[in-house]
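Colleague: Sequence first, then the predicted structure:
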Amino acid sequence: MSDPAQLHQQLLDTLTAGGRLRTMPWKDAAAAVQRHEFLLGGFFRRVKGAVPAAWEPVLGGDDDWLATCYQDESLITQIAGTIVPTDIQGQIMREPTSSSTLPSLVLRMLEDLHVEPGSQVMEIGTGTGYSTALLCARLGASRVTSVEYDEDVAARARTALARQDMFPSLVTGDGLLGCAESAPYDRIVATCAVRTVPTAWIEQTKPGGLILTTLGGWLGASELARLTVHDDGTASGPLLGGQVSFMLARPHTPPPLGLLPDLSRGKEREAVIGPDVLSDWATRFVVQSAAPQAQRLTMNREGSAEEVLIDVASGSWAALYDDSGRWVVRQDGPENLWDSIEEHLGRWHAAGTPALEEFTITVTPDRQSLHW
Ligand SMILES: C[S@@+](CC[C@H](N)C(=O)[O-])C[C@H]1O[C@@H](n2cnc3c(N)ncnc32)[C@H](O)[C@@H]1O
């Protein structure tokens, strides 16, 4: 059997060399927490080459499992909201719903959280409890509150943390509501993504405190943001860059598409911008902020592929297809989705396509806005 201490040290060296582990107190905390202790139930490994993605279980206990626990990789621990590695043999093709985030991202975020000795921290998304344990090692368990949506996931994290003699305040529930009982906090860190920053988080953070969260959405673009909470109950701050993505907070996942509208109706025009731009991360983020309710799907209509954006709440949709080298858009519904997207992208292009790190997010009790 390999030596976990040696594997752990190799991971710490990699994180330090890569600039993810930057300061002594976090180096000490990372050295104090062994990741495999939070993955004893195993994880799911992605099956190479499988499209759509398929997963197979790797059970805890052997050398392969132990070595992978100390790779800088996210390890999926729950699929489809209930299934854990011991539940299946063979492969499964459903969405991951809980994981142990890759250590370099966990530690980058903890460094970016700028905690100080004595900081009270709330974490959203306990998951395996690994990042919770790092917070406990750094600040002391009495200063850490962690909220997990899923009861079974929360129960496993509680057991894993207790095995390490760590007893933070663990709450099972919707982290979008925060946890008023232990508020106010100096810092909030989310290890799931949100479409909008919940007002409860702002209300539960002390003025001058920080909220570190990934802003995600239904077009699959996301970025990390660090907001400072102000005296007047608003919060604002920069996006931090790095193409950070997390699974969306469960109440923020997209609604079912339902019965699709008749996509043959609608007005057609030549598109100024085609959907091919969506393959670029920053462009997709800008498009997502212009059409936050839109979901994307590819349809095959009359033998040719169409990229469809649809807002199921309003019924607005846009379908785009390539007509011998020019993009054509067909739209219908209360809003011309692709018109709004082209207008928004046009303003971003006119400003010189600023990088996402140059964006600022502002959240007031009524709205969330992004500026560049
Ligand atoms: C990427 S995992 C967390 C990784 C974890 N920090 C770790 O180190 O293992 C995201 C977690 O967020 C949880 N989650 C999703 N929506 C949530 C919500 N609204 N409130 C609290 N937790 C949520 C998921 O169940 C999942 O366990």
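Modeller: Good, I have the coordinates. Numbering: from 1, shown residues only.

Colleague: For the stretch 251-372 of the chain, which segments are assigned as helices?
Modeller: Applying DSSP state H, counting those that start in this stretch to the stretch 251-372 of the chain gives helices spanning 281-290, 337-350.

Colleague: mind listing what's buried in the longest one?
Modeller: Buried residues in helix 337-350, counted by 16 or more other Cβ atoms under 10 Å: 337, 338, 340, 341, 342, 345, 348. Any C-beta I mention is one placed from the backbone N, CA and C, and that applies to glycine too.

Colleague: ok, back up a step: of all the helices of the stretch 251-372 of the chain, which lies closest to residue 113?
Modeller: helix 281-290 (22.2 Å; Cβ to Cβ).

Colleague: the inter-axis angle of the worst-scoring helix or strand of the chain on mean pLDDT versus helix 281-290?
Modeller: Across the helices and strands of the chain, mean pLDDT, DSSP states H and E gives its lowest value to strand 295-301, namely a mean of 92. Interaxial angle of strand 295-301 relative to helix 281-290 (axes from the mean of the first three to the mean of the last three Cα atoms, to 10 degrees): 100 degrees.

Colleague: Could you name the helices and strands sitting against strand 295-301?
Modeller: The helices and strands touching strand 295-301, judged by 3 or more Cβ pairs under 8 Å, 6 or more residues apart in numbering; DSSP states H and E, are strand 304-311, strand 316-323.

Colleague: residues in contact with residue 94?
Modeller: Residues in contact with residue 94 (Cβ atoms under 8 Å, 6 or more residues apart in numbering) are 55, 79, 80, 83.

Colleague: any idea how far residue 54 is from residue 284?
Modeller: With distances taken as Cβ to Cβ, to the nearest Å, residue 284 is found 25 Å from residue 54.

Colleague: one step back: can I get the helices of the stretch 251-372 of the chain in a markdown table including mean pLDDT and distance to the ligand?
Modeller: Output for these, formatted as a markdown table (pLDDT from 0 to 100; distance: least, Cβ to the nearest ligand atom, whole Å):
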| stretch | mean pLDDT | distance to the ligand |
| --- | --- | --- |
| helix 281-290 | 96 | 19 |
| helix 337-350 | 97 | 27 |
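
Colleague: Just give me the neighbour total for the nearest residue to residue 263 once chain neighbours are set aside.
Modeller: Here the nearest residue to residue 263 in space, its sequence neighbours aside, is residue 319; by Cβ to Cβ, 6 or more residues apart in numbering that works out to 5.3 Å. Residues contacting residue 319 under the criterion other Cβ atoms under 10 Å number 24.

Colleague: Write out the residues of the stretch 201-350 of the chain neighbouring the ligand.
Modeller: Applying Cβ under 6 Å from any ligand atom, one finds that the stretch 201-350 of the chain approaches the ligand through 246, 247, 249, 250, 251.

Colleague: and the closest residue to residue 353 other than its chain neighbours, what is it in contact with?
Modeller: Nearest residue to residue 353, sequence neighbours excluded (Cβ to Cβ, 6+ apart): residue 282, at 7.3 Å. When contacts are counted by Cβ under 8 Å, 6+ apart, residue 282 is found next to 353, 355, 356.

Colleague: so how far is the ligand from the first one?
Modeller: Residue 353 sits 30 Å away from the ligand, going by Cβ to the nearest ligand atom, to the nearest Å.

Colleague: Distance of that residue relative to residue 220?
Modeller: Taken as Cβ to Cβ, the span from residue 353 to residue 220 is 20 Å.

Colleague: Give me the residue at the spatial middle of the chain.
Modeller: Nearest to the mean C-alpha position of the chain, counting by Cα atoms, centre = their mean, stands residue 246 at 2.0 Å.

Colleague: Provide a list of residues in contact with that residue.
Modeller: So residue 246 contacts 101, 125, 190, 191, 192, 193, 214, 216, 222 (Cβ under 8 Å, 6+ apart).

Colleague: Kindly report the domain assignment for this protein.
Modeller: 4-58+100-250, 267-350 (automatic domain parsing).

Colleague: Just name the most buried of those.
Modeller: Ranked by average neighbour count under the criterion mean count of other Cβ atoms under 10 Å, the domains of the chain are headed by domain 4-58+100-250 at a mean of 19.

Colleague: And that one, end to end?
Modeller: 34 Å (Cα to Cα, to the nearest Å).

Colleague: Which single residue of the stretch 251-372 of the chain ends up nearest the ligand?
Modeller: residue 251 (5.6 Å; Cβ to the nearest ligand atom).

Colleague: any idea how far the residue of the chain positioned farthest from its centre is from residue 270?
Modeller: Of all residues in the chain, residue 324 has its C-alpha farthest from the mean position, at 37.6 Å, by Cα atoms, centre = their mean. Going from residue 324 to residue 270 by Cβ to Cβ gives 12 Å.

Colleague: Residue 327 too?
Modeller: 7 Å.

Colleague: any chance of the residues of the stretch 201-350 of the chain next to the ligand in a markdown table, plus secondary structure?
Modeller: Putting these into a markdown table (DSSP: H, G, I helix; E, B strand; the rest coil) gives the following:
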| residue | secondary structure |
| --- | --- |
| 246 | coil |
| 247 | coil |
| 249 | coil |
| 250 | helix |
| 251 | helix |
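
Colleague: Can you pull up the residues of the stretch 51-200 of the chain that come close to the ligand?
Modeller: 97-101, 106, 124-125, 127-128, 130-131, 147-150, 153, 174-176, 191-192.

Colleague: how about a cut-off of 8 Å?
Modeller: 74, 77-78, 97-101, 106, 123-132, 147-150, 153, 157, 173-176, 191-192 (Cβ under 8 Å from any ligand atom).

Colleague: Out of these, name the ones that lie in strands.
Modeller: 77, 78, 97, 98, 99, 100, 123, 124, 147, 148, 191, 192 (DSSP state E).

Colleague: That'll do, ta.
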